[in-house]
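> structure for the following, please:
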Amino acid sequence: MDSHKHRCKWACGNMILRAYHDAEWGVPIKDARILWEMLVLESFQAGLSWNTVLQKRENFRRAFAGFDPEKVAQFTEQDVQRLMQDAGIIRARLKIEATVKNAHVYLQMQAKGEDFASFAWDVAQQNSVKTKQPHALAQTRASQVLSKELKKRGFCFVGPVIVYAWMQAAGMVNGHEPECFRYYACD
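Residues are numbered from 1 along each chain as shown. The predicted structure follows:
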């Protein structure tokens, strides 16, 4: 990994951020389960540093059964209590409970024949401006619409700022700075 390449400012903090930026952030994710995992992680990141989430990502995967929606949907209050004691993750009750609820909604969509990834990408693409999104935005019209659509289906903890961060991370929009060496690679 070349430390002399120009990267997005947020990715220059340390090796973990650089590696994530260079290999993952902004690369289009079309797999529904992985896309759901990214949404969960973005919701836990709200109000915190993305670096914190990246450092705890493997702990999150362990704590949330590999982000298997079927397993997470079966979590009980005992599981919530267990997770509240798990120092390896971000212990925020509302975010933990939202993850369990959102697993139920994900499965309800699946049971109705609605693929989570197709749904998210369709809404994002139908409402995106056809130009590159300025990297400094906190939300866009597309993230506002996608947030509303997620909430309509029953998802929680998916406001337009969280959704926009998720859209950037999952490659639905190109959030790289124009000077970043990944800007054109993720176009």
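> when you work out contacts or count neighbours from here on, use the C-alpha atoms and nothing else.
Fine.
> so how far is Arg182 from Trp36?
24 Å (Cα to Cα, to the nearest Å).
> likewise Ile162?
22 Å.
> got it, and Asn174?
9 Å.
> who has more neighbours out of the two?
Using other Cα atoms under 10 Å as the criterion, Asn174 and Arg182 rank with Asn174 on top: 26 against 23.
> how about that one, secondary structure?
coil (DSSP: H, G, I helix; E, B strand; the rest coil).
> ok, it touching Ala185?
No. The criterion here is Cα atoms under 8 Å, and Asn174 misses it with Ala185 at 9.5 Å.
> output the helix or strand containing Val163 as CSV - backbone C-alpha positions only.
For Val163, the host element (DSSP states H and E) is helix 160-169. Extracted C-alpha coordinates of helix 160-169, given in CSV (Å, rounded to 0.1, in the frame of the first residue of the first chain):
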residue,chain,number,x,y,z
PRO,A,160,-30.5,10.2,5.9
VAL,A,161,-27.0,10.9,7.3
ILE,A,162,-26.4,7.3,8.2
VAL,A,163,-27.9,6.2,4.9
TYR,A,164,-25.6,8.6,2.9
ALA,A,165,-22.5,7.3,4.7
TRP,A,166,-23.7,3.7,3.9
MET,A,167,-24.3,4.6,0.3
GLN,A,168,-20.8,6.0,0.0
ALA,A,169,-19.2,2.9,1.8
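> what's it in contact with?
24-27, 38-39, 42-43, 46, 124, 138-140, 143-147, 173-175 (Cα atoms under 8 Å, 6 or more residues apart in numbering).
> flag every buried residue along it.
Within helix 160-169, the residues that qualify as buried are Pro160, Val161, Ile162, Val163, Tyr164, Ala165, Trp166, Met167, Gln168, Ala169, counting by 16 or more other Cα atoms under 10 Å.
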